[in-house]
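Visitor: The sequence and its predicted three-dimensional model are supplied below.
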Amino acid sequence: MEPAISMEASSTDPVISARDVRVWYGTTRGAIRAVDGVSFDIAPGETLGLVGESGCGKSTLGRGLMGLLPPGAKRDGEVWFDGKDVLSMRPKDAYRLRGVELGMIFQEPLTRLNPLLRISDHFEETIKQHDPGLSKDEIKQRALDALRQMGIPPTRYRSYPHEFSGGMRQRLMIALALVLKPAFIVADEPTTALDVLVEAQIVQILNDLRRNFRTSLLLITHNVGIVAEACDRVAVMYAGRIVEQGRVADVFENPQHPYTRELLRSTISLRTTGLNFIPGSPPDLVDPPDGCRFHPRCPEAMAVCATKNPINIERPTGGRVECWLVGPQEEIPEGGTRPLKQEELAVADEA
Amino acid sequence: MPTKPDSTMPDSTMPGSGLGASPIVDVRDLSVHFGLRGGTLARLFGRDAGVVKAVDGVNLALAPGEVVGLVGESGSGKSTLGRSLLGLAPATEGSIKFRGQDLASLSRRSLRDMRRHIQMVFQDPSAALNPAMTIEEAVGDALRVHGMRSAAERRVKVIDALERVGLSPVELFLEKYPRDLSGGQKQRVVIARAIITGPSVLVADEPISMLDMSVRAKILQLMLDLKKDLGLTYVYITHDLASAKYFCDRIAIMYLGRIVEIGPTEEIFANPRHPYTKALLRAIPDPDPGRQLPRDLPRGEVPDAAQPPLGCSFHPRCSEATDICGWESRDLRTIVEAHWTRRSPEEYEAERSLVGDLDHLERPEKSATLGKEGAESARAFLDRVRSEAPDDPMWRGVDMIEDEGSGVRVRFHEGVDPALRRSGGVEVACVLYPEESEA
Amino acid sequence: MRKFLKILAKPFTETAGLARWMLVIGLAITAVFVILAIFAPLLAPYGFAQASADGVKFPKAGAPSGDHWFGTDRLFFDVLSRVIWGARTAIEVVILSIVICVAVGVPLGLVSGYYGGWVDRILVLIMDAMFAFPSFLLAIVFSFLLTGLLGGTVLAVALSLSAIYVPQYFRVVRNTTVSAKEAAYVEAARAIGASDFVIMRRYLFGNVVQSVPVLGTLNAADAILTLAGLGFLGLGIQSTDAAEWGHDLNRALADAGSGIWWTGLYPGLAIVLLVTGLTLVGEGLNETINPTLRRRRLLPVVMSGPAAREER
Amino acid sequence: MTGSRSGSLPRYILQRVLLVIPMIWVILTLVFIVLRVAPGDPVSAALGGKLNDEALDQRRTALGFNDPLIQQYWDYLSSVVRLDFGTTFSDNQKVLEVVRDNGGATLSLTLAAFVIALLLGIPLGLVAGRYRDTVPDVVIRVFGILTYAAPIFFVGFLLQAYVAKPLGLPTSGAAGVETVFYMERDGLNKTHVLLFDVFLSGNSYYIEDVLKHLLLPALTLGLLICGVFIRLVRVNILQTMQSDYVEAAEARGISTSKVTRRHAFRNALVPVITVIGLQFALLLGGAVLTESTFNWPGLGQRLVEYINDRDYVAVQGIVTVFAIAVVLISLLVDIVNALIDPRVRY
């Protein structure tokens, strides 16, 4: 069944709208269901944070939206952008969209820049590809503008990538993604490789994006702190599914899904007074557990959770969640609410 | 919900004092320098291109049973300091004493024997295990190295160590290779290998930073349990102040090879003194959605350690810097370039032709020349730069601007390289915190 | 034992498609030649320097016939027999030279890479100089020298081949040692108090020698060519000592214009086949061991249709 | 903000040029040890049964072979510095003159083979790498392996037996007798490289004659190197095609053809250049065999003759020249590399 997605920003149409997106990889053991039925919308100028443990399909989803997937991956579902389905497009049309309308920022900026090309070459190439009519001066103008907004002085325009520090390189990548002013950007763990203070600088830049550029952002991260600081809405991903999504304040203050709650509780922050963790590890995506995929690790699992897939419903304070604890009650079969007897999860299964 | 295990806290955590009769590890004026690799010719003749002072005059005493955190960004020397405690990074100057014995005085052989007592846990558990060894071989090798010949004897100890770190049932793991284990399990193996020789000090170099959020707390809990059971002393190296706050009794904040602030954890967090500590505290992402994003982050990044800033090495990024913090030519370049990021292209081109290339400012000097078209225009240019960011601390460092050649020479005040000084309950290396008696 | 079999089977289980086919075909070809080499006395109809049988002299440069499938050459020798005996010479020389190379190059590279310093710099300089030098010329010079000292024996040729390949083993092992010794697990070994010898033996050796099989097979292919080249120039093994393909080709060259094709074609084809076989094995192995070339087996994904989606 | 860390190109080149000196010294020393110290006494080796012991000893003293080794070593090094590579034993010629007279033929052959190998090998390698595991890839790889696996003299044998005759191509020598004779008579051999000289003369008959002679040997040698290039280019393409910056360029919407050309091919060719330099050494080795096969009047041919005469001085001299050539080529390659790859300079 197609879940009806509630509009957070109902005044405008979403920039990007994903419906039941699935990305599977074929292996000798069977298909890895890295992304398995994910739906969400992102409004113009909105930042959606995508969090979860590693191996939950966050990066695969981000790449899938861009159409950048390794050979052997298969996609299904729909990603609507500007009235077109990105997933069913011909590769040629998808190329035309990338850069101009869909941008991407990566985790490890140094390896993402061609070491033999100057920064100027990267910009010229990108701008020319989508705007072949532009004169050399105009191209330089636009490139320098983008750099300036990222705090990179114009004196460095003709430098090579290896001449920059880590934080500068990430700024370069952001400038390169923004230079054509795309409507939607996927940022895949953009701060993971950076130092604490530089990470905070980049988070700030990303946070400013939505105000200054009206660019929508899908921010993939494993750091819930960054989501809290730089995102409007959050989608919590577990084992290829988005288990809960909604406004950051709503979700973090009042998490409905036990996974969201446990994830927040296991995060060590300055206010941590005790250590909490989620037992076990994310499931093997070749053969995910029946029913709710979180039920083997869930402290509140019920009988129904092990047998029946949870239904995607509206959260009490807006947003969506799929968990039998929230409902719908009428769908739970007789006796389904009794607590699930679980085996003790040994370290042998831990992540 | 377990709370902070107070029972394991030593009575006194004051730096330098109250450590009891003898610290278990005593680091005095330690410096560790590395030679940089030079060009092809230099490499051929074994000459170095320069020296990085990875650790630069550090004092640190560990009381038995305490947890000391070394916190800093990359390049702060925290890992090198940790490695030097095992003699893995040889000291250039100063001494490291373990139970009164100076590591430098030991022969290679006795240094290796000594490592039984100080052990290490590494950041990336996947890299820290030999891919070609089974778990049993990997953990048991520590014993084999220290002369335990019998495989059966080793096995008994290995099983015990693996059980201690929670890898049970042990039979499931003994014959496995590292690649068959998850990140958390591998880190447990690394910890098992570290404790199997019965050490008294454990240097943990970012033991949880490569692990998934949901496992971090588990490993931290394990380390706390082991500390209680085995009476270990920890050096906890991290860039994450949040875990340090929970885990450590005492914290040393490091920046470019120096300790800039050290003191009891509560004091550091309740009342951070060094601007760098404050900045780090502000920068920690916090899952509380009510928190505002910090607006006043230090600019720039950790500088090149081969050519650290003059004076206090944090001054170029410091918002509280004063006139004597060590301002120099490179800071001028930074501020001019920052100015240019706010100019229109035409203005930039015009100004650029006025002052030319700034590459000559790359060499650290106490004064800097600027301008090609006469002193007047150079002064006007500097005024424009200044009017845009009049509060930039660099201007406090400018002593005078005098005419010279085709432009001006900007002279900076003489800088001070602050030493660690007592201030309240902590020690801090910052000119804002002079000696207690003066304060 | 199972562990050992698993390691042996690894190249097969971890490859797919082309890489596996290359490996299988290459191994098959190589195996044929190894069998020829081992059982040469049984398989070859005549001796390698036999000009008559049962008192009957062989024809001079006789065309292929029922008695002499590959014909005979100008020295009355049976070409088929010389091709088969040639396999024995080739395999002998190659195995000997590779054993020498590994025995010298691997420990030298390991020690040089691990300790670094002056010894390392000098060794690298010498090995680089030798590596950069035209290897075939080097082989010529060494065999010139060694055949002068030892005579045209298998050992002399194997030694001169080793001399040109040792630098390659040294380089590969040294460079992997240099990068492997930076690995955290080596630092960890040092942290548990392991001595340099233990680190090299238990931590570095196993991980460093992994590149040797690929290098070994590719070098074996090259060595066959070099051996034949030396024989062609008359510098290698003398034709009365053993059958050698390159030497036979040299004698066949004069026949090329006069329509006598069989004297050159068969030894030439033997070289091409054996070198191809070894190259295929080497490349196939390379694709399984080298992570940047390795391509995981990709299987078609069958997504369950809309029906399956419905159940969600 | 860190400042500009770009290394300066002139500085790098200077360093690299200076490095040539120790490299040549090491090679010279190796040559000396291998050819002078190891074999013992070259005089008796070459003239063994021909002269009596006393005469041999006289020759030895005259040629300095009775001096202490260190003295001989010094003499060898200092004469090389003066570009004096000695006088051959068997035919009493200056090695430098031998090199001048025969080096040209070797140069023509290797250059032509190199061009053939580049023109064939690089495009084929690019195609194979770009379209991995497709039919063209398989065909090209098999072709590459076969050309590598076929020894030069066997290819030469096949070409001579099956190609030369039907096409009426010569299989021996670098030019027809008339060409050589008239070129010499008219003083047209200005560069001592026949290939260049005939083009300078502008005479189409000479040009055709020389090219006809060149075709088969150059093809034989070129095919050998071509296989190496195919393999090399292919592997590097595979690696760069998987690199992160290629994916990032795709994410910016750069067209596939541009990504392939600007990011994958360009970057793949950088390591290839280094190896191409090394292949030149392989080419020099292969030239020896090609020259023997096609009776080509080059340096390799002469080297084999001197070896058969056991003329150590000549061998030592020619090998020294080859060695210096190799070092200079590797210098050239490194400089080209530095021009292309900014990271090298630093």
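Guide: Yep, that arrived.

Visitor: dump the residue contacts of the residue in chain C positioned nearest to chain D.
Guide: Nearest residue of chain C to chain D, counting by CB to the nearest CB: residue C:136, 2.8 Å away. All C-beta spots, glycine's among them, are computed from the backbone N, C-alpha and C. Contact analysis of residue C:136 by CB atoms under 8 Å, 6 or more residues apart in numbering or on different chains lists C:164, C:226, C:229, D:282, D:285, D:286, D:288, D:289.

Visitor: Where does the prediction get shaky in chain B?
Guide: Scanning chain B for pLDDT under 70 picks out the ranges B:1-21, B:37-49, B:292-295, B:435-439.

Visitor: The longest helix along it packs against which elements?
Guide: When chain B is parsed with DSSP state H, its longest helix is helix B:213-230. In terms of contacts (3 or more CB pairs under 8 Å, 6 or more residues apart in numbering or on different chains; DSSP states H and E), helix B:213-230 is packed against helix A:258-266, helix B:183-195, strand B:201-205, helix B:241-247.

Visitor: on that earlier part again, would you mind writing the PyMOL command to select the buried ones in the contacts of residue C:136?
Guide: In PyMOL, a selection of the buried entries from those looks like this (16 or more other CB atoms under 10 Å in any protein chain shown):
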select buried, (chain C and resi 164+226+229) or (chain D and resi 282+285+286+288+289)
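
Visitor: sorry, back to before: element containing the residue of chain C closest to chain D?
Guide: Assessed by DSSP states H and E, residue C:136 sits inside helix C:135-150.

Visitor: Only the C-alpha atoms, please, for that helix, written as CSV.
Guide: Only the C-alpha atoms of helix C:135-150 are listed here, as CSV (Å, rounded to 0.1, in the frame of the first residue of the first chain):
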residue,chain,number,x,y,z
SER,C,135,66.6,-6.5,-18.8
PHE,C,136,67.4,-8.5,-21.9
LEU,C,137,70.7,-6.7,-22.3
LEU,C,138,71.4,-7.5,-18.6
ALA,C,139,70.5,-11.1,-19.3
ILE,C,140,72.9,-11.1,-22.3
VAL,C,141,75.7,-9.7,-20.2
PHE,C,142,75.1,-12.1,-17.3
SER,C,143,74.9,-15.1,-19.4
PHE,C,144,78.0,-14.0,-21.4
LEU,C,145,79.7,-13.8,-18.0
LEU,C,146,78.2,-16.9,-16.4
THR,C,147,78.5,-19.2,-19.4
GLY,C,148,82.1,-18.1,-19.4
LEU,C,149,82.5,-19.2,-15.8
LEU,C,150,80.1,-22.2,-15.6
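
Visitor: OK, contacts around residue D:273?
Guide: Neighbouring residues of residue D:273 by CB under 8 Å, 6+ apart: D:333, D:336, D:337, D:340.

Visitor: neighbours around residue B:357, how many?
Guide: 10 (other CB atoms under 10 Å in any protein chain shown).

Visitor: Can you give me the separation between it and residue D:112?
Guide: With the distance defined as CB to CB, to the nearest Å, residue B:357 ends up 48 Å from residue D:112.

Visitor: same question, residue D:283
Guide: Taken as CB to CB, the span from residue D:283 to residue D:112 is 11 Å.

Visitor: Give me the more crowded residue out of the two.
Guide: When neighbours are counted by other CB under 10 Å, residue D:283 and residue D:112 differ, and residue D:283 comes out ahead with 26 against 19.

Visitor: what pLDDT does the closest residue to residue D:192 other than its chain neighbours get?
Guide: Leaving aside its chain neighbours, residue D:192 sits nearest to residue D:104 (4.5 Å; criterion: CB to CB, 6 or more residues apart in numbering or on different chains). For residue D:104, the pLDDT comes out at 86.

Visitor: Now do the strands in chain C.
Guide: Assigned by DSSP state E, chain C shows strands spanning C:52-53, C:56-57.

Visitor: Residue C:105 is nearest to which of those strands?
Guide: Residue C:105 lies closest to strand C:52-53 among the strands of chain C, at 45.0 Å (CB to CB).

Visitor: Now residue A:99: closest residue in space that isn't a chain neighbour?
Guide: residue D:253 (3.0 Å).

Visitor: Tell me the pLDDT of the one you found.
Guide: pLDDT at residue D:253 comes out at 86.

Visitor: That one sits in which helix or strand?
Guide: Applying DSSP H and E, one finds residue D:253 in no helix or strand.

Visitor: Distance check, it against chain C.
Guide: As for residue D:253, its distance to chain C is 26 Å (criterion: CB to the nearest CB, to the nearest Å).

Visitor: Isn't that residue up against residue A:104?
Guide: No - with contact defined as CB atoms under 8 Å, residue D:253 does not count as touching residue A:104 (10.0 Å).

Visitor: Just the buried residues out of the contacts of residue D:273, in ChimeraX syntax.
Guide: Restricted to buried positions by 16+ other CB under 10 Å, the ChimeraX selection for those reads:
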select /D:333,337
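
Visitor: I'd like the list of the contacts of residue D:273 that fall within helices, please.
Guide: Filtering the contacts of residue D:273 for helices - DSSP H - leaves D:333, D:336, D:337, D:340.

Visitor: and the closest residue to the first one other than its chain neighbours, what is it in contact with?
Guide: Same thing as residue D:333. Counting by CB to CB, 6+ apart, the nearest residue to residue D:333 once its immediate chain neighbours are dropped is residue D:277, at 3.2 Å. Applying CB under 8 Å, 6+ apart, one finds that residue D:277 lies in contact with D:329, D:330, D:332, D:333, D:334.

Visitor: Poorly predicted segments of the stretch 101-250 of chain C, please.
Guide: C:152, C:239.

Visitor: Tell me the residues of it that contact chain D?
Guide: Residues of the stretch 101-250 of chain C that fall close to chain D, judged by CB under 8 Å from any CB of the partner chain: C:125-126, C:128-142, C:144-145, C:148-149, C:221, C:225, C:228-229, C:232-235, C:246, C:249-250.

Visitor: Since that was my last question, I'll sign off now.
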